[in-house]
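S.K.: coords below, sequence missing:
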Ligand SMILES: NC(=O)CC(=O)C(=O)O
């Protein structure tokens, strides 16, 4: 199965972001992708954190969800819809949610980012907990025989989440890593998750200079179960494609049966 990671440099104009996402998905489908993934916050990198509250949709209704369902159906893709803000039912906050659509446009999974990012080095400061409500449920879905474990961005730093996905064929990590932290840790962490779980990793990212003054690291990539980077795009919009090969997956697990050697749960 060909899989595609779409890299974006989203801004505050939601309509423009949706048009870019659609164009990249069309590009992925044209190149033969059967599964495509958008980055975290594909629909909005706002000027203020609170912009997410204004954009938020109710679960199951809204123009962003409609756009994702339509794209999946019209392009015949398993679509991992980056993240979009979904209104919390209990708090004055939003969930940072990945919605997944099948090639018939049916929604097949929802994952809410579990670990909320905070970082302050004196020059840059982030605190997602100000507007986001954390999710709590690891979520996997079946994409026509390919078992996929879902996560978002900062989750990548918490290997215990991925252990809950042991046996998955593919881990998805839509992200918007900062330039600073991404330069230091992004590839290292992604390759570690691929190697320790002996599976493919697809990591679509935000990558470039945003209108809100923030810079993201990009380097969207696809990694194989041996930890090899199959395809990468450093910065700017684009589509990163690779083949998910079940024979390679089985070969790595058979040659080095580490998953079967776990002793501590
Ligand atoms: N932006 C994030 O959620 C995470 C990040 O940039 C990091 O972990 O580093």
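M.R.: All right, it came through fine. Computed from a prediction, not measured in an experiment: that's the story for all the values here.

S.K.: Show the low-confidence segments of the chain, by residue range.
M.R.: Nowhere does the chain drop to pLDDT under 70.

S.K.: and residue 48, how many neighbours does it have?
M.R.: 11 (other C-beta atoms under 10 Å). Quick note: C-beta positions are derived from backbone N, CA and C, even for glycine.

S.K.: The closest residue to the ligand within the stretch 151-265 of the chain and residue 153: what is the separation?
M.R.: Using C-beta to the nearest ligand atom, the closest approach of the stretch 151-265 of the chain to the ligand is made by residue 181 at 3.0 Å. From residue 181 across to residue 153, the span is 10 Å (C-beta to C-beta, to the nearest Å).

S.K.: of the two, who's got more company?
M.R.: Between residue 181 and residue 153, counted using other C-beta under 10 Å, residue 153 has the larger neighbour count: 27 against 19.

S.K.: Surely that one touches residue 176?
M.R.: Yes: using C-beta atoms under 8 Å, residue 153 is in contact with residue 176, at 6.0 Å.

S.K.: Could you pull up the residues touching the residue lying closest to residue 120 once chain neighbours are set aside?
M.R.: Nearest in space to residue 120, with sequence neighbours left out and distances taken as C-beta to C-beta, 6 or more residues apart in numbering, is residue 126 at 7.3 Å. Residue 126 sits next to 117-120, 178 when contact means C-beta atoms under 8 Å, 6 or more residues apart in numbering.

S.K.: before we move on, the earlier item: can you check which residues contact both of residue 153 and residue 176?
M.R.: Counting by C-beta under 8 Å, 6+ apart, the residues touching both residue 153 and residue 176 are residue 40.

S.K.: ok, back up a step: now cross-check the contacts of residue 126 against the ligand and list the overlap.
M.R.: With C-beta under 6 Å from any ligand atom as the criterion, these include 117, 178 near the ligand.

S.K.: Turn the contacts of residue 126 into JSON lines, columns for distance to residue 231 and neighbour count.
M.R.: Conversion of the contacts of residue 126 to JSON lines gives the following (distance: C-beta to C-beta, whole Å; neighbours: other C-beta atoms under 10 Å):
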{"residue": "117", "distance to residue 231": "26", "neighbour count": "21"}
{"residue": "118", "distance to residue 231": "31", "neighbour count": "12"}
{"residue": "119", "distance to residue 231": "28", "neighbour count": "13"}
{"residue": "120", "distance to residue 231": "33", "neighbour count": "9"}
{"residue": "178", "distance to residue 231": "22", "neighbour count": "20"}
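
S.K.: between the contacts of residue 126, which is closest to the ligand?
M.R.: Nearest to the ligand among the contacts of residue 126, with distances taken as C-beta to the nearest ligand atom, is residue 117, at 3.4 Å.

S.K.: now the spatially closest residue to that closest one that is not a sequence neighbour: how far from residue 127?
M.R.: Leaving aside its chain neighbours, residue 117 sits nearest to residue 154 (4.0 Å; criterion: C-beta to C-beta, 6+ apart). As judged by C-beta to C-beta, residue 154 and residue 127 stand 12 Å apart.

S.K.: Equivalent analysis for residue 57, please.
M.R.: 23 Å.

S.K.: These two - which one has more neighbours?
M.R.: Using other C-beta under 10 Å as the criterion, residue 57 and residue 127 rank with residue 57 on top: 19 against 13.

S.K.: List the beta-bridge partners for the more buried one.
M.R.: Listed beta-bridge partners, residue 57: residue 86 (assigned using DSSP bridges).

S.K.: wait, it sits on residue 86?
M.R.: Yes: Residue 57 is within contact range of residue 86, at 6.1 Å (criterion: C-beta under 8 Å).

S.K.: shared neighbours of these two, which are they?
M.R.: With C-beta under 8 Å, 6+ apart, residue 57 and residue 86 have no common neighbours.

S.K.: which residues does the residue nearest to residue 117 contact?
M.R.: 113, 115-117, 128.

S.K.: same check, this time on residue 73
M.R.: 101, 103-105.

S.K.: do that again at 6 Å, thanks
M.R.: residue 105 (C-beta atoms under 6 Å, 6 or more residues apart in numbering).
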